[in-house]
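[1] fold the following, please.
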Amino acid sequence: MAKQTIQAVAQEATIVSSDSAMAEDEAKTPKSSDAALVEWVMGRVTRWRTQRDTNHSKQWDMYERLWRAIFSDEEKQRKTERSKIISPALSEAVENGCAEIEEAVFGRGDFFDLWPEARDTQIDRSALDANEVLFKEDIARTDFTGQCSEITTNGAVYGTGIGEIVLEKKIVREISMSVPEVDPATGQPMGSPQPVVTEKEYECPVLKSVNPRNFIIDPAARNVEDALGVAVEEDVGSHIIRQGITAGDYKDVKGLGTGSPDVYIKPDPQGENPWMEDVVPVVRYYGLVPKELLFPKEKTADLFPGTVSDDAKDPLSGEMVEARVVIAHEEHLLKAVENPDMMKDRPVVAYQWDIVPGRFYGRGVCEKGATSQKMLDAELRSRMDALAYVAAPMMALDASRLPRGFKFEVYPGKTLLLSGDPTTILKPFKFGELDANSAAQVQLLDSLVQRATGSVDATAMARAGVGGEARSGAVSMALAPIVKRNKRTLMRYIDRFLVPAMRKLMARYMQYDAGPGRYTPINFRFNISSTMGIMQREYESANLVQLLNSMQPNTSEQLLILKGLVANSGMQDRDAILAALDTKLQKVQQMEQAPPVDPNAQPAMDPVTLMLAQADAKLELAKKAAETARLHAQARLYDAQAITEQTRPMIEAQKVALKGIYKTPEQQIDEEFDRRMRVAELKLEAAQIASDERISESQERAAKSGAQPKVEIVKVPQPVQVNVPVPMPGAENL
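    Prediction:
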């Protein structure tokens with residue numbers, strides 16, 4: 001054993017010495033300009049990546065698992081946990097936050113307007129409008145809103161949303177009808193028109209979302225522009241690299257190969273089987289590099305006559321140039337050029353979901369609700385584990401009285417063969433009971449997740465609205481903090497990401513797509529028009545409705561509030577309604593601004609007009625007198641009805657109290673007749689019973705003496721005639 005250890009140590013020492021010798025040989029070997037530039041860039045990118053992974057990689061893995069409900073043993077709070085359930089509370093909070101921003105920005109279609117800069121007073125407005133129309137068409141073809149949605153989701157999950165602007169070569173295909181040739185002899189077209197497809201290739205700037213795992217930045221920087229450099233690393237299809245080499249965009253690198261050993265630059269770094277074929281790991285670096293490395297003294301790609309100069313080794317001592325460097329497999333230089341954009345800005349935009357002072361990476365929804373989510377998951381898993389003990393059947397068995405090879409299973413219709421009384425051999429039992437407070441604790445922890453993330457439980461809000469448990473004022477007070485938090489995130493998204501990204505896209509469209517009928521290079525600024533989310537819009541609409549009810553109709557104030565209410569809505573004909581309200585508002589304002597009419601002024605009128613006016617006045621007075629009389633009569637009718645309604649309960653009470661006291665003569669005759677008929681029936685029944693008894697006694701005596709029984713015929717008495725007295729008139733009133 002000791003011998004093997006000594007051999008292993010000696011082998012390691014040999015490897016270390018050989019590595020040191022190789023490093024010394026490489027240091028003595030003159031480096032090419034490409035190798036020196038790659039070493040300078042990757043030396044810093046590698047250290048920046050290590051710093052990022054050390055501080056954030058573990059937390060990002062946890063946030064992604066909680067968001068996507070991916071269970072891991074790292075989420076266990078105790079070793080005996082068996083359940084793997086994860087609550088969807090944090091996922092709901094992420095979706096609510098992202099949906100609020102997307103609805104606020106892109107929910108109304110046209111979400112921006114172009115305005116001239118304040119210093120440009122003589123700008124051509126028609127050129128600005130043309131640029132705006134072209135820009136809206138171009139970003140619609142490049143999936144701009146879809147990429148913004150991905151960036152918003154990354155910001156909510158990881159705390160930072162990052163986008164990269166890249167130039168892509170696109171082909172536009174247009175269909176037109178061909179013009180047939182004309183026969184010179186007859187002057188008639190030969191053949192029929194046929195559809196023809198024309199192709200046009202152009203360079204187009206495109207916004208791409210970047211996962212924070214694939215983004216590397218100088219740790220000393222707080223934003224993209226202040227950093228020494230930033231880098232984006234990702235797997236690119238090998239066919240794209242070959243196309244770039246064929247087109248002359250990339251250098252022809254020998255032995256490029258495919259495959260990426262680093263799973264963290266894959267789209268799903270926590271996947272069990274990452275794809276490793278037909279992909280090339282590429283690092284795109286945007287930042288400062290030493291000028292001597294980007295523009296070497298020799299204008300060829302041959303080796304340097306010596307090592308790199310001292311000025312090029314230190315990034316702070318030599319002259320730096322803003323450049324773009326593309327490296328494959330961290331060793332092959334594909335492209336290295338000075339920043340070709342006319343604005344000399346970096347094509348990367350980033351924003352923080354929530355600010356962490358002094359740090360580039362922000363704080364997202366998952367980081368806010370991670371602790372509450374873990375507590376909720378632990379409670380749910382504990383409940384599920386306890387439920388398994390309570391619900392699953394468990395039996396205690398007397399092993400000494402079971403048949404050999406007996407395997408106990410429980411299912412409907414099962415027959416158990418035992419050696420003895422089953423009640424003494426089998427006994428069901430349970431481990432404890434399910435805690436009754438567990439459900440309330442789950443609801444409490446779920447509310448803690450909502451409180452931490454600023455989300456809203458839509459189901460609870462719906463129950464409160466339908467069941468009447470919460471008043472409108474209480475709901476408004478509860479929504480106010482949530483609306484403010486969402487508004488805060490929304491303004492940061494617009495100011496730090498959306499507007500800068502659109503400015504950079506527009507500048508690149510002006511540079512790479514300028515020409516007749518296309519973009520005109522002018523100074524501009526963006527005005528984002530949709531800056532209110534659906535929650536805030538509904539909240540303000542409710543307040544406007546309450547305010548609208550207190551306004552006098554057909555006034556300018558009432559129309560202005562109504563106009564704001566329609567503007568906040570998402571109805572289909574909103575623009576037409578707003579135009580109609582504007583027209584009516586102008587008329588009302590003109591009437592309100594008209595000079596008041598002097599009541600003492602009497603304009604001169606001719607006799608006929610005066611007579612007609614007097615007749616109209618008399619007719620109006622007669623109408624008013626008739627209306628007054630009608631109102632008085634109606635008031636008297638209402639008074640009489642009110643008196644009747646007041647006395648009606650008393651009359652009803654008297655009717656109930658006197659019901660059945662007085663009877664009519666017909667009722668008295670019917671009752672007396674029924675009573676006497678009942679008496680007669682009872683007498684007949686008694687006579688029949690007595691006759692049957694005498695016949696039975698005579699038969700018994702005859703049977704004892706041997707003589708024939710004597711049949712006695714009993715005459716049934718005739719029905720008694722009832723003389724019903726005739727009541728006296730007026731007896732019902734007695």
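[2] surely G362 is in contact with G159?
    Yes - counting by CB atoms under 8 Å, G362 sits close enough to G159 to count as a contact (4.1 Å). Every residue, glycine included, has its C-beta placed from N, CA and C.
[3] so the two - more neighbours on which side?
    For G362 versus G159, neighbours defined as other CB atoms under 10 Å are more numerous around G159 (26 against 22).
[4] one step back: need the residues touching each of G362 and G159.
    Each of Q352, W353, D354, V356 lies in contact with both G362 and G159 under the rule CB atoms under 8 Å, 6 or more residues apart in numbering.
[5] among these, which one lies nearest to G187?
    Minimum distance to G187 across the shared contacts of G362 and G159 is 71.0 Å, recorded for W353 (CB to CB).
[6] so the closest one touches C366, yeah?
    No - counting by CB under 8 Å, W353 sits too far from C366 to count as a contact (9.6 Å).
[7] need the residues touching each of the two.
    With contacts taken as CB under 8 Å, 6+ apart, W353 and C366 have A156, G159 as neighbours in common.
[8] now K427, what's its secondary structure?
    When states are read from DSSP: H, G, I helix; E, B strand; the rest coil, the local structure at K427 comes out as strand.
[9] and it, what does it touch?
    For K427, counting by CB under 8 Å, 6+ apart, the contacting residues are M395, A396, L397.
[10] output those residues as TSV; include the columns pLDDT, secondary structure and distance to H239.
    As requested, these are arranged in TSV below (pLDDT from 0 to 100; DSSP: H, G, I helix; E, B strand; the rest coil; distance: CB to CB, whole Å):
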residue	pLDDT	secondary structure	distance to H239
M395	78	strand	63
A396	81	strand	67
L397	79	strand	66
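[11] if you rank those by neighbours, which is first?
    Each of these was scored by neighbour count (other CB under 10 Å); the top score is that of L397, with 13 neighbours.
[12] that one pairs with what?
    Here L397 shows beta-bridge partners L426, assigned using DSSP bridges.
[13] distance check, it against I494.
    Distance check for L397 against I494: by CB to CB, to the nearest Å, it reads 69 Å.
[14] re earlier: out of the shared contacts of G362 and G159, flag the one nearest to M177.
    Nearest to M177, judged by CB to CB, of these is W353 at 51.7 Å.
[15] neighbours of that closest one, how many?
    Using other CB under 10 Å, the number of residues around W353 comes to 27.
[16] next one: it from P665, what distance?
    95 Å.
[17] over to L167?
    113 Å.
[18] can you pull the buried residues of stretch 443-450?
    Taking 16 or more other CB atoms under 10 Å as the neighbour-count basis, stretch 443-450 is seen to contain the buried residues L445, D446, L448, V449, Q450.
[19] looking at those, spot the one nearest D435.
    Scanning the buried residues of stretch 443-450 for proximity to D435, where the rule is CB to CB, the winner is L445, at 14.0 Å.
[20] could you check the pLDDT of that closest one?
    According to the predicted model, the pLDDT of L445 comes to 76.
[21] just checking, it is part of a helix?
    Yes - looking at L445 with three-state DSSP, it is inside a helix.
[22] could you check how far it is from R68?
    Distance, L445 to R68, using CB to CB: 20 Å.
[23] before we move on, what about D226?
    Between D226 and R68 the distance, using CB to CB, works out to 33 Å.
[24] those two - which one has more neighbours?
    Remark: of D226 and R68, R68 carries more neighbours, 14 against 11, as counted by other CB under 10 Å.
[25] biggest helix in the chain by residues?
    Longest among the helix segments of the chain by residue count, using DSSP state H, is helix 607-658.
[26] and the closest residue to V499 other than its chain neighbours, what pLDDT?
    Spatially, and ignoring its direct neighbours in sequence, V499 is nearest to F526 (5.1 Å; CB to CB, 6 or more residues apart in numbering). Note for F526: predicted pLDDT of 83.
[27] F526 is in what secondary structure piece?
    strand 525-528 (DSSP states H and E).
[28] also M62?
    With elements delineated by DSSP H and E, M62 resides in helix 58-68, which encompasses its position.
[29] show me where this protein has its strands.
    In the chain, the segments counted as strands under DSSP state E are 112-115, 160-177, 195-210, 215-217, 229-237, 279-290, 320-328, 332-338, 348-352, 395-397, 426-428, 525-528.
[30] the inter-axis angle of the fifth one versus strand 348-352?
    Looking back up the chat, that one is strand 229-237. In terms of direction (axes from the mean of the first three to the mean of the last three CA atoms, to 10 degrees), strand 229-237 departs from strand 348-352 by 110 degrees.
[31] now the third one
    In this structure, strand 195-210 runs at an angle of 50 degrees to strand 348-352, with the same axes, to 10 degrees as the basis.
[32] report the buried residues of strand 195-210.
    For strand 195-210, the neighbour count (16+ other CB under 10 Å) marks C204, P205, V206, L207, K208, S209, V210 as buried.
[33] kindly report the same for the last one.
    Under the neighbour-count criterion of 16+ other CB under 10 Å, strand 525-528 has F526, I528 buried.
[34] from the contact counts, what lies against that strand?
    Applying 3 or more CB pairs under 8 Å, 6 or more residues apart in numbering; DSSP states H and E, one finds that strand 525-528 contacts strand 112-115, helix 499-512.
[35] quick one: contacts for L565?
    Residues touching L565, when contacts are defined by CB under 8 Å, 6+ apart, comprise S541, L544, V545, L548.
[36] and the closest residue to L37 other than its chain neighbours, how far from D110?
    Taking CB to CB, 6+ apart, and ignoring the residues beside it in sequence, L37 has L293 as its nearest neighbour in space, at 4.5 Å. Spatial separation of L293 from D110 under the definition CB to CB is 46 Å.
[37] more crowded one of the two?
    Relative neighbour count places L293 above the other of L293 and D110, with 24 against 10, counting by other CB under 10 Å.
[38] thinking again about what came up before, of the buried residues of strand 195-210, which pair is most distant in space?
    The most widely separated members of the buried residues of strand 195-210, counting by CB to CB, are C204 and V210 (18.4 Å).
[39] domain parsing for this structure?
    Using automatic domain parsing, the domain ranges for the chain come out as 552-593, 627-658, 665-697.
[40] end-to-end on the longest one?
    Across its full length, domain 552-593 reaches 17 Å between end residues, using CA to CA, to the nearest Å.
[41] what's the mean pLDDT across it?
    For domain 552-593, mean pLDDT rounds to 78.
[42] distance of R324 relative to T198?
    Distance of R324 to T198, given as CB to CB: 33 Å.
[43] what distance separates stretch 341-351 from the middle of the whole chain?
    31 Å (CA atoms, centre = their mean, to the nearest Å).
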